[in-house]
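**Q** Give me the fold of what follows.
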Amino acid sequence: MTSIRHNDAVLDAALECVMAYGVRRTTLTDVARRAGVSRMTLYRRWPDVRSLVGDLMTREWVRVVEGLDVRDPAGAVVEGVRALRGHPLLRKIVEADPEMLLPYLLQRTGATHEAVLAVLEPAVGDRAKARAILLVAQSFLLSGPTMLGDDALDAELTTLLERYLA
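**A** Numbers count the residues shown, from 1 in each chain. Prediction:
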């Protein structure tokens, strides 16, 4: 089994565990058992469940970002926010383990942020503008549902982005 397929099998197993138990109740032993690998194999790559789930979040959310058509940057961002808002992993983490997201909101840029910026920057022609759009999208994704329903959210985000990009 190649390293990439091996990692995918482990990440698939981690996804199953997180969806079943949440992050806090998932163990590397659970993941190893589901993936059919030894615990030592996992510990060589991931020192703990949080780092494994970090890689899982990156894989899942970058897949969403890579599928976006950025010829219409505002539309792509709204589509991405909508897709992520409905993503089962994000929903599970927000409901059961929201503290997993805090480092990416308050302390550091994650691999997913970098992937989004790599897609957005060429589409909007400016890194600072791409970062501002990412921050707005992130707030609409994570905090927006406390203010409006999904359809109203998407309409407001579209209006905001279209005017900003005009």
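**Q** Any regions of this structure where pLDDT drops low?
**A** When residues are selected by pLDDT under 70, those of the chain lie in 1-5, 148.
**Q** redo that, cut-off 80
**A** Low-confidence segments of the chain, defined by pLDDT under 80: 1-6, 145, 148-150.
**Q** Surely residue 131 touches residue 114?
**A** No - with contact defined as C-beta atoms under 8 Å, residue 131 does not count as touching residue 114 (10.9 Å). Heads up, the C-betas are built off the backbone N, CA and C, glycines and all.
**Q** neighbour-wise, which of those two wins?
**A** residue 131 (16 against 12; other C-beta atoms under 10 Å).
**Q** now stretch 141-161, how far from the centre of its chain.
**A** Distance of stretch 141-161 from the chain centroid (C-alpha atoms, centre = their mean, to the nearest Å) equals 18 Å.
**Q** wait, what's in contact with the residue nearest to the spatial centre of the chain?
**A** Geometric centre of the chain, nearest residue: residue 61, 3.6 Å, by C-alpha atoms, centre = their mean. Taking C-beta atoms under 8 Å, 6 or more residues apart in numbering, we find residue 61 in contact with 84, 87, 90, 112, 115.
**Q** Between the residues you listed, which sits nearest residue 152?
**A** Nearest to residue 152, judged by C-beta to C-beta, of the contacts of residue 61 is residue 84 at 17.5 Å.
**Q** Put the alpha carbons of the helix or strand hosting the closest one into CSV.
**A** Using DSSP states H and E, residue 84 sits in helix 73-85. Taking Å, rounded to 0.1, in the frame of the first residue of the first chain, the C-alpha atoms of helix 73-85 are listed here in CSV:
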residue,chain,number,x,y,z
PRO,A,73,-15.0,34.7,-7.4
ALA,A,74,-18.1,35.9,-5.4
GLY,A,75,-20.2,32.9,-6.6
ALA,A,76,-17.4,30.5,-5.8
VAL,A,77,-17.0,31.8,-2.3
VAL,A,78,-20.7,31.6,-1.6
GLU,A,79,-20.8,28.1,-3.1
GLY,A,80,-17.8,27.1,-1.0
VAL,A,81,-19.4,28.5,2.2
ARG,A,82,-22.6,26.7,1.4
ALA,A,83,-20.8,23.4,0.7
LEU,A,84,-18.7,23.6,3.9
ARG,A,85,-21.8,24.7,6.0
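**Q** what's around residue 94, how many residues?
**A** Around residue 94 there are 16 residues (other C-beta under 10 Å).
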